[in-house]
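Chemist: compute the structure for the input listed below.
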Amino acid sequence: MPTRSAHRSLAALALALLALAPAVPAQDDGDMPAKGDGGTKDDATIEIPRDEAVTTEDTVTIGGVEVPYRVTVGTQPVWDADNEPVASMFYTYYERSDVEDRATRPLTVSFNGGPGSASLWMHIAYTGPRLLEIDDEGYPVQPYGIRDNPHSILDVTDILYVDPVNTGFSRILDDADRSQFFGVNEDVDYLARWLDTFVTRQGRWTSPKFLIGESYGTTRVSGLAHRLQNSQWMFLNGVVLVSPTGLGIDRDGPVGDALPLPYYTATAWYHERLAPDLQSRDLDDLLPEAEAFTVDELIPALAQGGALSAERREEVELAYARWSGLRLPVVQQYDMAVPTQFFWKELLRDEGLTVGRLDSRYRGFDRSDSGTSPDFDPALSSWNHAFAPAINHYLRDVLGYETDLQYWVFGPVHPWNRDGDRTGRQLQQAMGENPYLHVLVQSGYYDGGTDYFNAKYTMWNMDPAGRFQDRMSFKGYRSGHMMYLRAEDLAAANDDIRAFIGEAIPAPGTPARR
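Modeler: Here you go, the predicted structure:
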């Protein structure tokens, strides 16, 4: 069993009652959906710890090498402009314990999305040293629990998993104003200040630093890269965008209507709905042609609208049907701009099935085959089986964190202020200011919530002049939104991050010159 040492600060404990908001629909900008804000509320008598921690030690074997580590779970306050604590933020912090020189040891800070989601997804399914029990394709298995992660990046970087306010065990304190936390820019502002304090307390100012965000977490870390550099003077080496959102980069009209098509191709290929000559080819060979058709033919055709000649319209409609696996009449009804929700309902309608939003390999059954959108996302429903039991068991029983608070997998953060989302532009500016800063994008080909070709478009148009493409890279995987749930991609995606960290750290003495 791990040895355990606990330390608690002298800070007073606050009491709070936070009512949970009703379930909210998924946002339509491609985020990981909030999936509801929970179903219960904290008891008013439960103490909310402001500043305490529990530390344990353990080992994990990564790539055949035993890696000893120290893990600290605890809370650190968020202070307002008057230096008053306004929230208690929960975190899990892993440090490789056989490292003598912490000054050069990388530190990676991890966020999930929602907004309103805790950090458990990448923590116990991707980069951390422990994995939840699932099968090789990501389906839940019983008994629920955790096991070692032989692919964790802890061998090359320390890792900090952060639960933003009102997620996990993080809570607003007393009667603090909710609006200071819940918005694109509000979120970035308080998290930057919180990270400044954490880095100072842990003595990590000289460490190479990386941010990794998933789904809405990519909006968060893109904004944070800019805010940390310009408000905290904390410069980064890298940002990893896992299943990125649009980052505030415009794609309305014909471009936005066309970009999902390569994702349709991938999904139709997986479910064997393409024409035999296409179906017989490998996905990696197929997708570049679908992308080329989208950029070179579909977008120009949609831009012409009603002025497109009848002959040309018929040619493009036939090609759209061929690349999407959909029936020609359906493509014609939607004027070659088939919505994703309809695609999920339509592709396997003749089999009485739907396909998943966040991972379109998953299949679902609706109450009726009629309609224009699925009743639910079968991928998300599957995932929720395993994560809540695993994270509660791990934090409470294995790591010894004691609290009567409910762990909010999805917390009450709505309404969320989405005004002023310039996070893609801010990340580009951060790269301009910081020659050390690199960006890695990771996407699953079967992700219909934040599809991979939209992610490529974001990369291209975040840097329209092409000045930073040598510091930006893209990796695609044959899975969905959480590509790491597939065992083969868990290994590959962690290896890609590991390589990215190595490439983004310059040789000692290398000047930051353009």
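Chemist: for residue 210, which three-state class applies?
Modeler: Of the three states, residue 210 takes strand under DSSP: H, G, I helix; E, B strand; the rest coil.
Chemist: for residue 132, which residues are in contact?
Modeler: Residues near residue 132 by C-beta atoms under 8 Å, 6 or more residues apart in numbering: 124-125, 144-146, 386-387, 390-391. Any C-beta I mention is one placed from the backbone N, CA and C, and that applies to glycine too.
Chemist: next step: those restricted to helices.
Modeler: 386-387, 390-391 (DSSP state H).
Chemist: tell me which of these is nearest to residue 55?
Modeler: The closest of the ones in helices among the contacts of residue 132 to residue 55 turns out to be residue 391 (C-beta to C-beta; 18.5 Å).
Chemist: quick check: closest non-adjacent residue to that closest one.
Modeler: residue 120 (4.3 Å; C-beta to C-beta, 6 or more residues apart in numbering).
Chemist: measure the one you found to residue 175 for me?
Modeler: To residue 175, residue 120 is 28 Å away according to C-beta to C-beta, to the nearest Å.
Chemist: returning to what we had before: pLDDT check: weakest of the ones in helices among the contacts of residue 132?
Modeler: Lowest pLDDT among the ones in helices among the contacts of residue 132: residue 386, with 87.
Chemist: correct me if wrong: it contacts residue 138.
Modeler: No. Applying C-beta atoms under 8 Å as the test, residue 386 and residue 138 come out as separate, 9.1 Å apart.
Chemist: and the helices in the stretch 351-500 of the chain?
Modeler: 378-392, 423-433, 452-462, 487-504 (DSSP state H, counting those that start in this stretch).
Chemist: is residue 60 located within a strand, as I assumed?
Modeler: Yes. Counting by three-state DSSP, residue 60 is located in a strand.
Chemist: pull the longest strand from this structure.
Modeler: strand 65-79 (DSSP state E).
Chemist: can you put the ones in helices among the contacts of residue 132 in TSV and add neighbour count and distance to residue 45?
Modeler: Converted to TSV, those look like this (neighbours: other C-beta atoms under 10 Å; distance: C-beta to C-beta, whole Å):
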residue	neighbour count	distance to residue 45
386	22	31
387	20	28
390	24	28
391	23	24
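Chemist: neighbour count winner among residue 120 and residue 175?
Modeler: Neighbour tally, residue 120 and residue 175, criterion other C-beta atoms under 10 Å: the higher count belongs to residue 120, 25 against 8.
Chemist: what's near enough to touch the more buried one?
Modeler: Counted by C-beta under 8 Å, 6+ apart, residue 120 has contacts 112, 168, 387, 390-391, 407, 409.
Chemist: could the residues you listed go into CSV alongside distance to residue 429?
Modeler: Listed next are the contacts of residue 120 as CSV, based on distance: C-beta to C-beta, whole Å:
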residue, distance to residue 429
112, 25
168, 31
387, 35
390, 39
391, 35
407, 36
409, 34
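Chemist: can you tell me which two in those residues are farthest apart?
Modeler: Pairwise over the contacts of residue 120, using C-beta to C-beta, the maximum falls at 112 and 390, 14.6 Å.
Chemist: wait, doesn't residue 340 sit right on residue 259?
Modeler: No. Assessed by C-beta under 8 Å, residue 340 is found out of contact with residue 259, at 10.3 Å.
Chemist: pull up the overlap in contacts between the two.
Modeler: residue 451.
Chemist: so for these two, which sits in the more crowded spot?
Modeler: Ranked by neighbour count (other C-beta under 10 Å), residue 340 and residue 259 place residue 259 first, with 24 against 18.
Chemist: and the more buried one, its phi and psi?
Modeler: phi -60, psi -30 (degrees, to the nearest 10).
Chemist: relative to residue 361, how far out is it?
Modeler: Going from residue 259 to residue 361 by C-beta to C-beta gives 20 Å.
Chemist: ok, residue 476 - contacts?
Modeler: Residue 476 neighbours (C-beta under 8 Å, 6+ apart): 442-445, 452.
Chemist: okay if I get those residues as TSV plus neighbour count and pLDDT?
Modeler: Shown next, in TSV, are the contacts of residue 476 (neighbours: other C-beta atoms under 10 Å; pLDDT from 0 to 100):
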residue	neighbour count	pLDDT
442	28	98
443	26	98
444	32	98
445	25	98
452	28	98
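Chemist: all strands of the stretch 201-350 of the chain, in order?
Modeler: Assigned strands in the stretch 201-350 of the chain, in chain order: 209-214, 238-242 (criterion: DSSP state E, counting those that start in this stretch).
Chemist: which one of those strands lies nearest to residue 157?
Modeler: Between residue 157 and the strands of the stretch 201-350 of the chain, the tightest spacing by C-beta to C-beta is seen for strand 209-214, at 6.8 Å.
Chemist: distance between stretch 95-111 and the chain's centre?
Modeler: 22 Å (C-alpha atoms, centre = their mean, to the nearest Å).
Chemist: list the buried residues in it.
Modeler: Residues 95-96, 105-111 are the ones in stretch 95-111 that count as buried (16 or more other C-beta atoms under 10 Å).
Chemist: could I get the strands of the stretch 201-350 of the chain as a markdown table with mean pLDDT?
Modeler: Shown next, in a markdown table, are the strands of the stretch 201-350 of the chain (pLDDT from 0 to 100):
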| stretch | mean pLDDT |
| --- | --- |
| strand 209-214 | 98 |
| strand 238-242 | 98 |
